[in-house]
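**Q** Build me a structure from this.
(chains A and B)
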Amino acid sequence: EAQVTQNPRYLITVTGKKLTVTCSQNMNHEYMSWYRQDPGLGLRQIYYSMNVEVTDKGDVPEGYKVSRKEKRNFPLILESPSPNQTSLYFCASSSGGHTDTQYFGPGTRLTVL
Amino acid sequence: AQSVTQPDIHITVSEGASLELRCNYSYGATPYLFWYVQSPGQGLQLLLKYFSGDTLVQGIKGFEAEFKRSQSSFNLRKPSVHWSDAAEYFCAVGAWGGGADGLTFGKGTHLIIQP
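**A** Numbers count the residues shown, from 1 in each chain, chains lettered A, B, ... in the order given. Coordinates of the predicted model:
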């Protein structure tokens, strides 16, 4: 089954404790991206990757890092989480970049205390 | 950079009634337009998309959308809604290039279906 998986689905952590949210897709897509969803703000793009070792900032990259060492994986790293990063995070992938259908993961709900 | 406006935060429709969700975009060239639906506790699923050609686009679940360049709009419609259509709907515009010219979502419209 074609899918995008994220782990963990739920995470409660404390300020400053580094964390990683994993994202993996099995569709051989070149393009992957991360979004955060906040009430009243919709989805905002954090980072995206056009291919292995190629990443770029989206609209709200501050406080986040990503890496793309393999085509199927695109982890989101919060080196020093802060409460304003409490949000619902989605990973997505597509074969054709921004202009193609995005396939979304189930989401990761992160709470930073 | 492009932008998307969904003027209605909430819409309530009776089951069986018709639906129209509004979307206005701002983009300098021909846009790539999408409608996504998010059911409670779920990720987003593509309903339909417009790249070029026929301005009336058919999607899944009986939805359609019409691209109107003169009005910079891409409104979503359904002739008769079902209770299962209750969800959050997002309009999005995509562009070639990176950074702020990537994929931009509207803030969403929450659809409530009343019996």
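**Q** Buried residues of the helix or strand containing A:Ser49, list them for me.
**A** Taking DSSP states H and E as the criterion, A:Ser49 maps to strand A:42-51. Using 16 or more other Cβ atoms under 10 Å in any protein chain shown as the test for burial, strand A:42-51 gives A:42-50. Heads up, the C-betas are built off the backbone N, CA and C, glycines and all.
**Q** on contacts alone, who are the packing partners of it?
**A** For strand A:42-51, the elements it packs on are strand A:31-38, strand A:54-57, strand A:65-66, strand B:87-94, strand B:103-105, judged by 3 or more Cβ pairs under 8 Å, 6 or more residues apart in numbering or on different chains; DSSP states H and E.
**Q** Can you give me the neighbour number for B:Lys68?
**A** A count of nearby residues for B:Lys68, using other Cβ atoms under 10 Å in any protein chain shown, gives 11.
**Q** Nearest to the spatial middle of chain A, which residue is it?
**A** By Cα atoms, centre = their mean, chain A has its centre lying nearest to A:Trp34, at 3.0 Å.
**Q** which residues does that one bridge with?
**A** Beta-bridge pairing of A:Trp34 under DSSP bridges involves A:Tyr47, A:Cys91.
**Q** ditto for B:Leu44
**A** The partner residues for B:Leu44, given DSSP bridges, come to B:Gln38.
**Q** How confident was the prediction at it?
**A** Predicted confidence (pLDDT) at B:Leu44: the value is 90.
**Q** State the number of residues packed around it.
**A** Neighbour count of B:Leu44, defined by other Cβ under 10 Å: 26.
**Q** try the one 4 residues further on
**A** Summarising burial for B:Leu48: neighbours were counted as other Cβ under 10 Å, giving 19.
**Q** End to end on stretch A:56-74, go ahead and measure it.
**A** 12 Å (Cα to Cα, to the nearest Å).
**Q** What of stretch A:65-73?
**A** Chord length of stretch A:65-73, first to last residue, is 14 Å (Cα to Cα).
**Q** Would you pull up how far it lies from the middle of the chain?
**A** 10 Å (Cα atoms, centre = their mean, to the nearest Å).
**Q** Rounded mean pLDDT for it, please.
**A** Across stretch A:65-73, pLDDT averages out at 97.
**Q** List the contacts of that stretch.
**A** A:22-26, A:28-30, A:32, A:34, A:46-47, A:49, A:51-55, A:74-79 (Cβ atoms under 8 Å, 6 or more residues apart in numbering or on different chains).
**Q** buried stuff in it?
**A** Applying 16+ other Cβ under 10 Å to stretch A:65-73 flags A:66-68, A:72 as buried.
**Q** now swap in stretch B:69-79 and tell me
**A** Judged by neighbour count using 16+ other Cβ under 10 Å, the buried positions of stretch B:69-79 are B:73-76, B:78.
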